[in-house]
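Student: sequence-free structure coming up:
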(Lines give C-alpha, C1' and ligand atoms only; values in the text may rest on other atoms or scores of the structure.)
Protein backbone atom coordinates (compact mmCIF):
# COMPACT_ATOMS: atom_id res chain seq x y z
CA UNK A 1 0.00 0.00 0.00
CA UNK A 2 1.03 3.67 0.17
CA UNK A 3 1.08 3.36 3.98
CA UNK A 4 4.28 1.75 5.28
CA UNK A 5 2.86 0.75 8.67
CA UNK A 6 -0.19 -0.87 7.07
CA UNK A 7 2.04 -2.61 4.52
CA UNK A 8 4.10 -4.11 7.34
CA UNK A 9 0.93 -5.36 9.06
CA UNK A 10 -0.34 -6.96 5.85
CA UNK A 11 3.09 -8.47 5.19
CA UNK A 12 3.23 -10.09 8.60
CA UNK A 13 -0.33 -11.37 8.23
CA UNK A 14 0.56 -12.87 4.85
CA UNK A 15 3.63 -14.55 6.31
CA UNK A 16 1.51 -16.05 9.10
CA UNK A 17 -0.85 -17.43 6.44
CA UNK A 18 2.04 -19.28 4.79
CA UNK A 19 2.68 -17.37 1.57
CA UNK A 20 5.96 -18.03 -0.23
CA UNK A 21 6.91 -14.46 -1.10
CA UNK A 22 5.75 -10.89 -1.55
CA UNK A 23 5.21 -8.54 -4.48
CA UNK A 24 5.49 -5.00 -3.13
CA UNK A 25 4.26 -2.15 -5.32
CA UNK A 26 5.76 1.34 -5.26
CA UNK A 27 3.57 3.54 -3.02
CA UNK A 28 0.76 5.05 -5.06
CA UNK A 29 -1.18 8.32 -4.67
CA UNK A 30 1.15 10.08 -2.21
CA UNK A 31 4.09 9.88 -4.66
CA UNK A 32 7.05 9.68 -2.26
CA UNK A 33 10.54 10.83 -3.29
CA UNK A 34 13.22 8.26 -4.05
CA UNK A 35 14.50 8.18 -0.48
CA UNK A 36 10.96 7.60 0.75
CA UNK A 37 10.56 4.65 -1.61
CA UNK A 38 13.85 3.18 -0.41
CA UNK A 39 12.94 3.56 3.26
CA UNK A 40 9.43 2.15 2.63
CA UNK A 41 10.71 -1.08 1.08
CA UNK A 42 13.61 -1.36 3.53
CA UNK A 43 11.19 -1.12 6.46
CA UNK A 44 8.89 -3.80 5.06
CA UNK A 45 11.74 -6.17 4.20
CA UNK A 46 13.15 -5.70 7.69
CA UNK A 47 9.95 -7.02 9.25
CA UNK A 48 9.70 -10.29 7.31
CA UNK A 49 11.83 -13.29 6.47
CA UNK A 50 10.01 -13.74 3.15
CA UNK A 51 11.65 -12.99 -0.21
CA UNK A 52 10.37 -9.69 -1.59
CA UNK A 53 10.01 -8.49 -5.18
CA UNK A 54 9.53 -4.75 -5.62
CA UNK A 55 7.14 -3.63 -8.36
CA UNK A 56 7.74 -0.46 -10.35
CA UNK A 57 4.73 0.54 -12.44
CA UNK A 58 4.54 4.29 -12.96
CA UNK A 59 1.37 4.06 -15.05
CA UNK A 60 -0.56 2.93 -11.98
CA UNK A 61 1.34 4.60 -9.13
CA UNK A 62 2.09 7.98 -10.69
CA UNK A 63 5.79 7.86 -9.83
CA UNK A 64 8.82 6.01 -11.22
CA UNK A 65 11.32 4.30 -8.96
CA UNK A 66 14.74 5.11 -10.39
CA UNK A 67 17.40 2.57 -11.26
CA UNK A 68 19.60 4.04 -8.53
CA UNK A 69 16.94 3.32 -5.90
CA UNK A 70 16.34 -0.20 -7.20
CA UNK A 71 20.08 -0.91 -7.18
CA UNK A 72 20.27 0.29 -3.55
CA UNK A 73 17.37 -1.99 -2.65
CA UNK A 74 19.12 -4.94 -4.31
CA UNK A 75 21.68 -4.81 -1.51
CA UNK A 76 19.01 -5.83 1.03
CA UNK A 77 19.24 -9.59 1.46
CA UNK A 78 15.57 -10.55 1.15
CA UNK A 79 14.73 -8.09 -1.64
CA UNK A 80 15.43 -10.58 -4.39
CA UNK A 81 14.23 -8.84 -7.53
CA UNK A 82 12.08 -6.28 -9.27
CA UNK A 83 9.09 -6.42 -11.57
CA UNK A 84 9.90 -3.57 -13.95
CA UNK A 85 6.98 -2.02 -15.81
CA UNK A 86 8.50 1.42 -16.28
CA UNK A 87 8.80 0.93 -20.04
CA UNK A 88 12.27 2.50 -19.89
CA UNK A 89 14.70 0.05 -21.46
CA UNK A 90 17.72 2.13 -20.52
CA UNK A 91 16.64 2.10 -16.89
CA UNK A 92 16.15 -1.66 -16.98
CA UNK A 93 19.57 -2.17 -18.56
CA UNK A 94 21.18 -0.11 -15.79
CA UNK A 95 19.42 -2.18 -13.13
CA UNK A 96 20.49 -5.46 -14.74
CA UNK A 97 24.07 -4.23 -14.96
CA UNK A 98 24.30 -2.57 -11.56
CA UNK A 99 22.26 -4.65 -9.11
CA UNK A 100 23.77 -7.01 -6.56
CA UNK A 101 24.64 -10.55 -7.77
CA UNK A 102 21.58 -12.79 -7.84
CA UNK A 103 19.10 -9.92 -7.98
CA UNK A 104 16.53 -10.73 -10.66
CA UNK A 105 14.79 -8.38 -13.08
CA UNK A 106 11.41 -9.53 -14.35
CA UNK A 107 9.54 -7.76 -17.11
CA UNK A 108 6.22 -6.31 -16.01
CA UNK A 109 4.97 -6.06 -19.60
CA UNK A 110 4.54 -9.07 -21.88
CA UNK A 111 5.55 -7.12 -24.97
CA UNK A 112 8.95 -6.33 -23.43
CA UNK A 113 9.90 -9.80 -22.20
CA UNK A 114 12.02 -10.66 -25.23
CA UNK A 115 13.94 -7.38 -25.01
CA UNK A 116 14.52 -7.53 -21.27
CA UNK A 117 15.71 -11.14 -21.37
CA UNK A 118 18.01 -10.28 -24.27
CA UNK A 119 19.69 -7.77 -21.94
CA UNK A 120 20.07 -10.32 -19.15
CA UNK A 121 16.69 -10.05 -17.44
CA UNK A 122 15.25 -13.09 -15.70
CA UNK A 123 11.77 -13.46 -17.18
CA UNK A 124 8.21 -12.14 -16.97
CA UNK A 125 5.50 -11.76 -14.36
CA UNK A 126 2.82 -12.02 -16.98
CA UNK A 127 -0.75 -11.08 -17.85
CA UNK A 128 -0.96 -12.96 -21.15
CA UNK A 129 0.28 -16.16 -19.49
CA UNK A 130 -3.26 -16.62 -18.19
CA UNK A 131 -4.05 -17.49 -21.82
CA UNK A 132 -0.85 -18.60 -23.58
CA UNK A 133 1.52 -19.43 -20.75
CA UNK A 134 3.08 -22.46 -22.42
CA UNK A 135 3.74 -20.46 -25.57
CA UNK A 136 5.44 -17.70 -23.59
CA UNK A 137 7.50 -20.35 -21.80
CA UNK A 138 8.48 -21.76 -25.20
CA UNK A 139 9.60 -18.32 -26.41
CA UNK A 140 11.69 -17.85 -23.29
CA UNK A 141 13.19 -21.31 -23.66
CA UNK A 142 14.28 -20.59 -27.20
CA UNK A 143 16.00 -17.43 -26.03
CA UNK A 144 17.76 -19.21 -23.18
CA UNK A 145 18.97 -21.87 -25.62
CA UNK A 146 20.50 -19.18 -27.82
CA UNK A 147 17.91 -19.39 -30.61
CA UNK A 148 17.41 -15.64 -30.82
CA UNK A 149 15.77 -15.77 -34.25
CA UNK A 150 13.27 -18.40 -33.14
CA UNK A 151 12.46 -16.50 -29.96
CA UNK A 152 12.06 -13.26 -31.90
CA UNK A 153 9.65 -14.97 -34.29
CA UNK A 154 7.56 -16.23 -31.37
CA UNK A 155 7.63 -12.76 -29.82
CA UNK A 156 6.34 -11.21 -33.03
CA UNK A 157 3.64 -13.86 -33.34
CA UNK A 158 2.38 -13.24 -29.82
CA UNK A 159 2.76 -9.46 -29.91
CA UNK A 160 -0.81 -8.68 -31.10
CA UNK A 161 -2.17 -10.68 -28.17
CA UNK A 162 0.23 -8.99 -25.76
CA UNK A 163 -1.17 -5.66 -26.91
CA UNK A 164 -4.77 -6.89 -27.05
CA UNK A 165 -4.99 -7.88 -23.40
CA UNK A 166 -4.51 -4.20 -22.61
CA UNK A 167 -7.23 -2.89 -24.94
CA UNK A 168 -8.81 -1.69 -21.69
CA UNK A 169 -7.42 -1.60 -18.16
CA UNK A 170 -6.00 -4.88 -16.90
CA UNK A 171 -7.54 -7.23 -15.75
CA UNK A 172 -10.74 -6.43 -17.68
CA UNK A 173 -9.69 -7.91 -21.06
CA UNK A 174 -7.96 -11.03 -19.72
CA UNK A 175 -10.92 -11.78 -17.46
CA UNK A 176 -13.24 -11.48 -20.47
CA UNK A 177 -10.93 -13.80 -22.40
CA UNK A 178 -10.92 -16.46 -19.69
CA UNK A 179 -14.72 -16.33 -19.54
CA UNK A 180 -14.91 -16.46 -23.34
CA UNK A 181 -12.86 -19.64 -23.67
CA UNK A 182 -14.97 -21.50 -21.14
CA UNK A 183 -13.61 -20.90 -17.65
CA UNK A 184 -16.40 -18.99 -15.95
CA UNK A 185 -14.74 -16.58 -13.53
CA UNK A 186 -17.46 -13.93 -13.48
CA UNK A 187 -17.33 -10.20 -14.04
CA UNK A 188 -14.68 -7.89 -12.58
CA UNK A 189 -15.45 -6.27 -9.25
CA UNK A 190 -16.14 -2.55 -9.09
CA UNK A 191 -14.67 -0.13 -9.91
CA UNK A 192 -13.69 -2.41 -12.79
CA UNK A 193 -16.52 -3.21 -15.20
CA UNK A 194 -16.99 -5.74 -18.02
CA UNK A 195 -15.22 -5.18 -21.33
CA UNK A 196 -16.90 -2.46 -23.40
CA UNK A 197 -19.27 -3.76 -26.07
CA UNK A 198 -17.51 -1.55 -28.61
CA UNK A 199 -14.33 -3.63 -28.39
CA UNK A 200 -15.69 -7.11 -27.61
CA UNK A 201 -16.01 -8.18 -31.25
CA UNK A 202 -12.49 -7.22 -32.28
CA UNK A 203 -11.03 -8.66 -29.08
CA UNK A 204 -12.74 -12.02 -29.51
CA UNK A 205 -11.63 -12.10 -33.15
CA UNK A 206 -8.06 -11.60 -31.95
CA UNK A 207 -8.44 -14.41 -29.42
CA UNK A 208 -9.63 -16.76 -32.17
CA UNK A 209 -6.26 -16.38 -33.90
CA UNK A 210 -4.45 -18.09 -31.00
CA UNK A 211 -4.62 -21.51 -29.42
CA UNK A 212 -5.24 -20.98 -25.74
CA UNK A 213 -3.19 -23.06 -23.31
CA UNK A 214 -5.95 -23.52 -20.76
CA UNK A 215 -7.34 -27.10 -20.81
CA UNK A 216 -10.95 -26.04 -20.30
CA UNK A 217 -13.80 -28.47 -20.92
CA UNK A 218 -16.93 -27.35 -22.77
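Tutor: That came through fine. In this text the structure is predicted, and so the values were computed from the model without any measurement.

Student: Show me the helices in this protein, by range?
Tutor: Assigned by DSSP state H, the chain shows helices spanning 4-16, 34-45, 58-61, 67-73, 89-98, 113-118, 129-144, 148-164, 172-180, 197-207.

Student: what helices or strands is the second one leaning on?
Tutor: The elements that helix 34-45 packs onto, with contact taken as 3 or more Cβ pairs under 8 Å, 6 or more residues apart in numbering; DSSP states H and E, are helix 4-16, strand 22-25, strand 52-56, helix 67-73. (Each C-beta comes from the backbone N, C-alpha and C, glycine too.)

Student: Which among the ones you listed is found nearest to residue 185?
Tutor: Set against residue 185 and scored by Cβ to Cβ, those come closest in strand 22-25, at 20.7 Å.

Student: coming back round to it: any chance of the helices and strands packed on helix 34-45 in a markdown table with mean neighbour count, mean pLDDT and distance to residue 195 as columns?
Tutor: As requested, the helices and strands packed on helix 34-45 are exported to a markdown table (neighbours: other Cβ atoms under 10 Å; pLDDT from 0 to 100; distance: least, Cβ to Cβ, whole Å):
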| stretch | mean neighbour count | mean pLDDT | distance to residue 195 |
| --- | --- | --- | --- |
| helix 4-16 | 14 | 98 | 30 |
| strand 22-25 | 18 | 98 | 24 |
| strand 52-56 | 22 | 99 | 25 |
| helix 67-73 | 21 | 99 | 34 |
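
Student: follow-up on the earlier one: looking at the helices of the chain, spot the one closest to residue 189.
Tutor: Nearest of the helices of the chain to residue 189, taken as Cβ to Cβ: helix 172-180 at 10.0 Å.
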